[in-house]
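Visitor: Below is the sequence, then the predicted model.
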Amino acid sequence: MKKILALLTIAGAAGFVAAQPPPPGPPSVATTLKAGYERIKTNFVKAAEKMPEDQYNFKPAEGIETFGQRVAHIANQMGTCSTINGARKPSSAVGKTAKADLVAALKESFDECDKAFAVLTDANATEAIAAGRGQQPRVNVLYGVVVHANEVYGAMGVYMRVKGLVPPSSEGR
């Protein structure tokens with residue numbers, strides 16, 4: 001009886017081990033970059049929406065862009081993302097200073113970038129695309145969008161903190 005119970009236990013354990021999914025492979029470059037893009041897009045739009053309208057002209061020191069100019073600066077990514085998508089488009093943020101106009105231009109630019117990130121795969125990540133004055137691997141151009149937006153968002157966190165606002169990426173901590 002003990003032998004049968006031992007055999008059943010071993011067979012059951014072997015069946016459990018065999019039923020486990022295979023270990024995951026290496027992380028996907030495309031999936032990882034897309035996740036980083038989604039995080040910065042969400043934080044950037046929330047920050048632009050959170051800053052009060054009357055603070056869009058605030059700058060922490062002379063010689064530094066206003067909060068609104070920082071939002072417009074990232075809305076200008078429209079040019080990069082639309083070029084990736086096949087036809088360069090100008091940003092609608094040019095010359096705008098009102099919060100509603102700048103938030104709308106920012107969202108429009110992220111909509112364009114959504115399209116560029118949607119087609120990124122590990123298979124086409126190293127494909128050469130038009131960028132700047134030449135060709136770059138697709139992943140480099142899109143990584144640049146994420147890095148630059150994070151850089152500007154980090155600086156904007158100072159603007160928000162000076163005004164007593166918690167940046168979206170720090171909320172709930």
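Guide: Perfect, I can see it now.
Visitor: Helices along this protein, start to end?
Guide: Under the criterion DSSP state H, the chain contains helices at 2-19, 29-50, 67-75, 78-84, 99-118, 138-162.
Visitor: Please work out which of these is packed deepest.
Guide: Comparing those by mean neighbour count (mean count of other CB atoms under 10 Å), helix 67-75 comes out on top with a mean of 23. C-betas here are computed from N, CA, C, even on glycine.
Visitor: That one - contacts with which helices or strands?
Guide: Judged by 3 or more CB pairs under 8 Å, 6 or more residues apart in numbering; DSSP states H and E, helix 67-75 is in contact with helix 99-118, helix 138-162.
Visitor: Figure out which of these is closest to Pro168.
Guide: Of all the helices and strands packed on helix 67-75, helix 138-162 sits nearest to Pro168, with 8.8 Å by CB to CB.
Visitor: Name the spans of this structure whose pLDDT lies under the cut-off.
Guide: By pLDDT under 70, the low-scoring segments of the chain are 1-20, 22, 173.
Visitor: what's near enough to touch the residue nearest the centre of it?
Guide: Closest to where the C-alpha atoms of the chain average out (CA atoms, centre = their mean) is Tyr37, at 1.8 Å. By CB atoms under 8 Å, 6 or more residues apart in numbering, the contact set of Tyr37 is Cys113, Phe117, Leu142, Val145, Val146.
Visitor: want to try JSON lines for these, with distance to Pro24 as columns?
Guide: Below are those laid out as JSON lines (distance: CB to CB, whole Å):
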{"residue": "Cys113", "distance to Pro24": "28"}
{"residue": "Phe117", "distance to Pro24": "22"}
{"residue": "Leu142", "distance to Pro24": "23"}
{"residue": "Val145", "distance to Pro24": "27"}
{"residue": "Val146", "distance to Pro24": "23"}
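Visitor: Redo the helices of the chain as JSON lines? Include distance to Gly132.
Guide: Listed next are the helices of the chain as JSON lines, based on distance: least, CB to CB, whole Å:
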{"stretch": "helix 2-19", "distance to Gly132": "51"}
{"stretch": "helix 29-50", "distance to Gly132": "19"}
{"stretch": "helix 67-75", "distance to Gly132": "17"}
{"stretch": "helix 78-84", "distance to Gly132": "9"}
{"stretch": "helix 99-118", "distance to Gly132": "15"}
{"stretch": "helix 138-162", "distance to Gly132": "9"}
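Visitor: Compare these and give me the one nearest Ala125.
Guide: With CB to CB as the measure, helix 138-162 is the member of these nearest Ala125 (4.0 Å).
Visitor: centre of the chain versus the closest one, how much separation?
Guide: In terms of CA atoms, centre = their mean, to the nearest Å, the centre of helix 138-162 is found 9 Å from the chain centre.
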